[in-house]
Structures are given as C-alpha cells and as structure tokens.
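My questions are about this predicted structure, shown below with the sequence.
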Amino acid sequence: MNLPTLHTILLQAAPSWLEHSLHGNGKINVVVAVVGLIVLGLGLWMWRMDLRLKRMEEQQRK
Amino acid sequence: MKHWWWKIAAVVLLIVASVAGLYVPLAPALVRFTNGGDQFCPQRVEVVDATHLKVFVEVPEGLREAMTDLSVGYLRYAGAFYSKGGGEGFPAMDCGDEAPAPASGAFVFPNRSILYESIRNLHFHVPMWFTMIALMGLSVWHSIKALGGTNVLEHDRTALAAVDVGLWFCGLGLLTGALWARATWGTFWTSDVKLNGAAVTALIYLAYLVLRGSITDAHKRARLAGIYNIFAFTLLVLFLFVVPRLNAIDSLHPGNGGNSGFNDLDLDNRLRIIFYPAVMGWVLLGLWMAQLRTRTARLAEQLDR
C-alpha cells in the first residue's frame, strides 16, 4: 500500500491557497515569509525614526 | 572603538547567523522506497553534501518488475529506478519515524516531520522574543534606577525607549509566530499557554505606554511609570517563563509543560551553534535601536525647551 506522507495529508486537510504557498518546497516559503516580515518590521521602524528626525529638523529651523 | 565595537558585533553576528541559518542543509528525513505499492527501507543513509545522499539498501525478496519510487522526507522521486525482479511483492516494512543520522562531518540541521525547512525559523522567530525580554529587562533596570532618585528623567527616558523598541520586537515575534503556526499547527492563533502569555504581556506593556500618556508632570510620570514597569516585568517573567512550565499545562511550544526548554529533545546542538549567535546579534541590534531611540528623545526634549 502506498502510505501518504504527512505533507499530503496536511494538504488534503486544508487545501487553501495559503497552505499551497506555505507548504511548498518543504516549507522553506514560511522561512522566506518570516524573514521578509522581520525586514519589513525593521524598515517600518526606520521610517518612524525618519519622521521623528524630520520633525526635529523642522523644529530646529524655526 | 570602546563605544561602538558592539554595534559591529551585532552586524557581524547577524550576518553569520542569518546566512548559516538559511544555508545549512537539512538532514534527510525518512528515506523509503515504494515498489509497486510495497514499501521498503534503506539500511543506512549518509549525507555526502547539500545535494547528495548515499543510500544503502538490501533489495527485498519478492521485488516486482516495476518502477520504484524513492521518497526522502517530503520529496518524492517518482520512478527513481526500474527493477526487473519477478517477485510477487513483499510485506510492507515499517521504516520508523526517525531521520537517519547524517555522516560524521556533514553539518546539517535536524529534519523533523511537520517542521521540515521551517525549522530555520528558530533563528529568526525566537530571537525576536529574546530581544524583547532583554529590552524589557534593560527597561526595568533603568526604572529602578529612576526610582532611586538620581538622574530620574534620564533613566526614565531610557526605560521608555527600551519598552518602545521591545514592543516592536514583541509585535514581530507575534506576527512571525502566527505565520509559522499556520504552517505547522494549521492555524494563526491557538489558545496555547505561551501564545496567551505573550499576548497578555504585550497588552501589559501597551498599558505602560497608555499610563505614561495620561500623566503630564514629568517627575510624577517617571515615578508612576517606574513602579508600573517593575510590576509589568514581574508579570512578563510569570507569563513567559513560569506559567508555561507548570506541570498541569501542556504547550505546543517545545520545552514547556513541566520541562526546561534546553534539553536535547527540544533543541539540537547543531541548531544551538547558529541559534546563540543569532540571539546575541538580535539582542545587540535591539539595544542599538533602543540607544538611537533614547538619543533622539533626548534631542527632542532639548529642542522643546
């Protein structure tokens, strides 16, 4: 008998687009998404710091 | 050199840990063959390098004349070889659950079912929490100093900056954790003790910011926020370390539910070599961010005067 791997069981259990994208290539896509999310988060932090400095520069000019 | 060596260390550690965390190959998981519906297992598996595997197999009696598929973990090579055996089939073998041990010298990450490649998230998701905890610790230290009475506003400012950056890392930890949970446990959020503990901790620290916002007098604010911060950090320790380890509560997270997080079953030594530098790198980066936040806050105060 052909034993289905856990991978295929999971795909059958929840066959959404998200599972298809997350479970591809041995779930490396999750790692890619997680790293992307962290970089995005750090980018947003930099953006906020940028705004803060801009405000201070404007204040100094007055 | 005296003051900025740790910033270089942060960058170097993060580069090393991130590259290694993504690059180190995964050990092959369960290797098995399927011949005309019958499954058989190899005797021995050796890792040659990232893309080569040496598999030793005893050909079972009764091998059919058929294409034989080879499965390595989640990868399936249909029709990997053709067998000309004239057998009638054989009873299916149970190959077990354990990943075969890799050859000595080949540095690979362990292959765990369900996790597979996502085990690499250990080097990205978990350091977010370590960084948050380090920053909250730094914050409570400065709060205690502020309550001590000297340089009150200076310490209070650092305490706020550390909580601010710490909450940022908390948010990243929650989001990356949700994504990982969706791929491993099938849902973005479960009522796991550690998840609920993290959420409550986040709310407690958000309340810290709300409390600060509601007081206008700077010295009064520093005192009240300092006292609240000690309370908040105590709850953080309780919710993230004590409650998940209670025997009565089981958790999906490794190392919880009555046991410590750092035994061999929870964290492989090959992962630790990358994990600890990753934690150090992220903590140093978090401290750097908190320092930048403190310095801009100090400048803003001077400009306001």
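Structure's in. What do you need?

Going by C-alpha atoms from here, please, whenever you check contacts or count neighbours.
Fine.

Please, where are all the helices along the chain?
All of this is about chain A. For chain A, the helices defined by DSSP state H occupy A:6-13, A:17-61.

The intended chain is chain B.
Going by DSSP H, chain B shows helices at B:5-23, B:125-148, B:152-184, B:193-213, B:218-237, B:269-304.

which stretch among those helices comes nearest chain A?
helix B:152-184 (5.3 Å; Cα to the nearest Cα).

So for the closest one, mean pLDDT?
Average pLDDT, helix B:152-184: 95.

who does that helix touch, helix- and strand-wise?
Other elements packing on helix B:152-184 under the criterion 3 or more Cα pairs under 8 Å, 6 or more residues apart in numbering or on different chains; DSSP states H and E are helix A:17-61, helix B:125-148, helix B:193-213, helix B:218-237, helix B:269-304.

Dump the ones you listed into a markdown table; add mean neighbour count and distance to residue B:39 as well.
Formatted as a markdown table, these follow (neighbours: other Cα atoms under 10 Å in any protein chain shown; distance: least, Cα to Cα, whole Å):
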| stretch | mean neighbour count | distance to residue B:39 |
| --- | --- | --- |
| helix A:17-61 | 16 | 22 |
| helix B:125-148 | 22 | 37 |
| helix B:193-213 | 17 | 40 |
| helix B:218-237 | 18 | 49 |
| helix B:269-304 | 19 | 31 |
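
and the longest strand for chain B?
Taking DSSP state E as the criterion, chain B has its longest strand at strand B:75-84.

Scan the helices and strands of chain A for the one with the lowest mean pLDDT.
Taking mean pLDDT, DSSP states H and E as the measure, the helix or strand of chain A with the lowest value is helix A:6-13, at a mean of 51.

ok, back up a step: ok, which of the helices of chain B comes nearest residue A:53?
Of all the helices of chain B, it is helix B:269-304 that lies closest to residue A:53, at 7.4 Å by Cα to Cα.

list the helices and strands the closest one packs on?
Helix B:269-304 packs on helix A:17-61, helix B:5-23, helix B:125-148, helix B:152-184, going by 3+ Cα pairs under 8 Å, 6+ apart.

got the angle for that helix vs helix B:152-184?
Relative orientation of helix B:269-304 versus helix B:152-184 (axes from the mean of the first three to the mean of the last three Cα atoms, to 10 degrees): 140 degrees.

Show me what the mean pLDDT comes to for helix B:269-304.
pLDDT averaged over helix B:269-304 gives 94.

Could you verify my assumption that residue B:45 touches residue B:56?
Yes: contact criterion Cα atoms under 8 Å: residue B:45 and residue B:56 qualify, at 6.3 Å.

rewinding a little: could you dump the helices and strands packed on helix B:269-304 to TSV with distance to residue B:269?
Below are the helices and strands packed on helix B:269-304 laid out as TSV (distance: least, Cα to Cα, whole Å):
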stretch	distance to residue B:269
helix A:17-61	20
helix B:5-23	13
helix B:125-148	16
helix B:152-184	22
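
Could you tell me the least trusted of the ones you listed?
Among the helices and strands packed on helix B:269-304, helix A:17-61 carries the lowest mean pLDDT, a mean of 88.

so, in contact with chain B or not, that one?
Yes: Helix A:17-61 comes into contact with chain B (Cα under 8 Å from any Cα of the partner chain), by way of A:19, A:22-23, A:26-31, A:33-35, A:37-38, A:41, A:45, A:49, A:52-53, A:56, A:59-60.

Quick one: list the elements packing against that helix.
With contacts defined as 3+ Cα pairs under 8 Å, 6+ apart, the packing partners of helix A:17-61 are helix A:6-13, helix B:152-184, helix B:269-304.

Next, the angle helix B:5-23 makes with that helix.
Calculated by the same axes, to 10 degrees, helix A:17-61 forms an angle of 160 degrees with helix B:5-23.

With distance to residue B:214 added, can I get the helices and strands packed on helix A:17-61 in a markdown table?
Rendered in a markdown table, the data for these read as follows (distance: least, Cα to Cα, whole Å):
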| stretch | distance to residue B:214 |
| --- | --- |
| helix A:6-13 | 49 |
| helix B:152-184 | 14 |
| helix B:269-304 | 18 |
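
Determine the number of other residues adjacent to residue B:78.
When neighbours are defined as other Cα atoms under 10 Å in any protein chain shown, residue B:78 has 13 of them.

where does the closest residue to it other than its chain neighbours land on pLDDT?
Excluding the flanking residues, the one nearest residue B:78 by Cα to Cα, 6 or more residues apart in numbering or on different chains is residue B:69, at 4.6 Å. Per-residue pLDDT puts residue B:69 at 84.

how close does residue B:69 get to residue B:63?
Residue B:69 is 13 Å from residue B:63, where distance means Cα to Cα, to the nearest Å.
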